[in-house]
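Asker: I would like to see how this sequence folds:
(one chain, ligands or ions: 1)
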Amino acid sequence: RLRKLAKKRGEFLYFAGGVVRDYLLFKKGKLNPQSSKDFDIVLEGNLEKFLQELNEDLNKEILFKSQFLTYKVRFFLDGEPLEVDFITARREVYEEIAQLPKVFPSNFMDDLLRRDFTINALAIGLSAPYEGLLLDLLDGLKDLEASLVKPLHLNSFVEDPTRIFRGIRYKVRLGFDFSEEFYQALEVCYQKEALKKLSSARLANELKLYLFKEGEEILLKLLETTYQLEVFKEAGLEVARENFPLLCEVLKEVKEEFSPKEREKVYFLGMVESLSGLERLGFSEVEITRIESLLNNFRGFYHKINTLSLKEKLEWFDKVRREYLCAFAVIFPELKEEIFRYLKVYSKVRPELNGEDLKKLGFRSGKEIGEILKILRLKRLEGKVKTKEDEIEFLKKF
Ligand code: CTP
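Answerer: Residues are numbered from 1 along each chain as shown. Predicted coordinates for the structure are as follows:
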């Protein structure tokens with residue numbers, strides 16, 4: 001239907017970017033089919049009208065329209081949802097270093113030229129006159145075959161320094177190398193201090209993609225590569241490289257249990273050299289101050305941990321949110337075992353009696369009940385009570 005409509009409207013429709021790159025790699029047996037989930041279709045034409053005209057009986061829903069002439073559309077094919085990004089072929093004009101570009105609808109060639117790397121500037125025609133043809137106007141295929149990440153021009157990272165992070169992701173994810181031109185473009189970018197001008201929100205967002213889009217399996221390599229290229233330094237972010245291996249290990253350990261927001265906190269807190277670095281990642285002053293005072297308290301705790309009883313340790317741990325505890329496990333590696341014992345064992349042990357039971361037993365205030373529950377948990381951890389009956393017995397004597 002898309003093809004027919006493009007033909008009727010005299011507009012050219014094509015696949016471009018990651019979908020073509022990954023399809024070609026898949027065909028060469030260099031990528032498994034699950035690796036590419038994005039599905040970008042570009043139209044050289046009027047996308048709004050095109051989507052309006054798409055046959056009414058083609059059950060679809062426009063989920064999102066972006067400022068970059070892009071639409072996310074959900075189709076229902078035989079009841080199954082399929083999300084597709086529709087993009088208007090466009091030209092981009094970068095007026096200021098590291099700022100988002102102005103975009104203008106344009107033609108196929110401009111749409112290839114606005115892209116980051118040659119391997120992303122490959123297209124496959126979906127409609128006449130190039131239906132079914134691989135369109136390789138910028139030598140992307142050669143670089144794909146040579147496994148090279150090569151920018152389209154040397155000013156590419158000055159215009160958009162987030163491309164450096166994208167390039168690192170391709171190198172590590174696909175096992176590619178950087179071309180000579182990648183290093184040259186990096187040099188130009190450093191000379192113009194473009195990375196420093198990148199907003200905190202965009203910097204944080206790119207680093208989040210390392211964790212959330214690429215995953216823990218290659219996170220260490222991504223961080224190491226970024227460090228070796230001096231990207232953190234150039235972006236004004238001081239990182240604690242020695243933390244990277246433990247940070248990745250900790251993030252892997254909490255993957256199933258923590259929410260993305262919690263994992264993000266562990267990630268950024270564990271990554272920075274000092275807490276003031278969190279500012280560059282968009283943390284507010286209030287939040288940094290709060291974490292600072294927590295960390296200072298924790299330092300006091302850390303120095304005397306070996307002299308503390310289980311009860312005292314639990315009192316400390318109970319006060320700190322679990323994402324901060326995990327970050328502290330990275331900052332104080334000697335405490336990792338202790339913190340994880342708390343997170344995985346101690347914090348999960350619950351008395352069998354609950355708040356309602358305690359009310360029936362005559363305990364009234366919420367605070368009192370909270371305290372009693374903590375005492376019962378401790379007794380359980382110490383092995384002094386094992387059953388609900390033991391707990392009731394203990395409380396009678398209490
Ligand atoms: N692009 C770019 N500069 C950016 C972001 C994107 O030039 N800062 C271009 C790239 O050519 C990319 C295309 O826009 O191919 C679409 O971007 P995106 O959907 O983020 O990437 P994919 O091509 O789908 O590749 P992947 O998601 O695997 O990184």
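
Asker: Is Pro351 part of a helix or strand, or is it coil?
Answerer: With DSSP: H, G, I helix; E, B strand; the rest coil as the basis, Pro351 sits in coil.

Asker: For the helix or strand of the chain with the lowest mean pLDDT, which strands pair with it and how are they oriented?
Answerer: For the chain, counting by mean pLDDT, DSSP states H and E, strand 60-66 ranks last in confidence among helices and strands (a mean of 74). Strand 60-66 has its sheet partners listed here by DSSP bridges as strand 70-77 (antiparallel).

Asker: Which strands or helices does the helix or strand following the strand it pairs with pack on?
Answerer: Next helix or strand after strand 70-77 toward the C-terminus (DSSP states H and E): strand 80-88. In terms of contacts (3 or more CB pairs under 8 Å, 6 or more residues apart in numbering; DSSP states H and E), strand 80-88 is packed against strand 40-44, helix 47-53, strand 70-77. Backbone N, C-alpha and C define where each C-beta goes, glycine included.

Asker: I'd like these as CSV, with distance to the ligand and mean neighbour count appended.
Answerer: Formatted as CSV, the helices and strands packed on strand 80-88 follow (distance: least, CB to the nearest ligand atom, whole Å; neighbours: other CB atoms under 10 Å):
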stretch, distance to the ligand, mean neighbour count
strand 40-44, 6, 22
helix 47-53, 15, 15
strand 70-77, 9, 15
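
Asker: Least confident of these, on average?
Answerer: Mean pLDDT across those is lowest at strand 70-77; the value there is a mean of 86.

Asker: Just want the angle from it to strand 40-44.
Answerer: Per axes from the mean of the first three to the mean of the last three CA atoms, to 10 degrees, the angle that strand 70-77 makes with strand 40-44 is 120 degrees.

Asker: got a list of contacts for strand 70-77?
Answerer: With CB atoms under 8 Å, 6 or more residues apart in numbering as the test, strand 70-77 has contacts from 47, 51, 58-66, 81-88.

Asker: Give the ChimeraX command for selecting the buried subset of those residues.
Answerer: Here is the ChimeraX selection string for the buried members of the contacts of strand 70-77, based on 16 or more other CB atoms under 10 Å:
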select :47,51,60,84,85,86,87,88
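
Asker: gap between Ile164 and Val149?
Answerer: Distance, Ile164 to Val149, using CB to CB, to the nearest Å: 10 Å.

Asker: can you tell me which residues contact the residue of the stretch 251-398 of the chain found nearest the ligand?
Answerer: Of all residues in the stretch 251-398 of the chain, Pro260 sits closest to the ligand, at 18.0 Å by CB to the nearest ligand atom. Each residue near Pro260 by CB under 8 Å, 6+ apart is listed here: Phe212.

Asker: Check it and give its pLDDT.
Answerer: If you check Pro260, the pLDDT there is 97.

Asker: and what of Gly300?
Answerer: At Gly300, pLDDT is 86.
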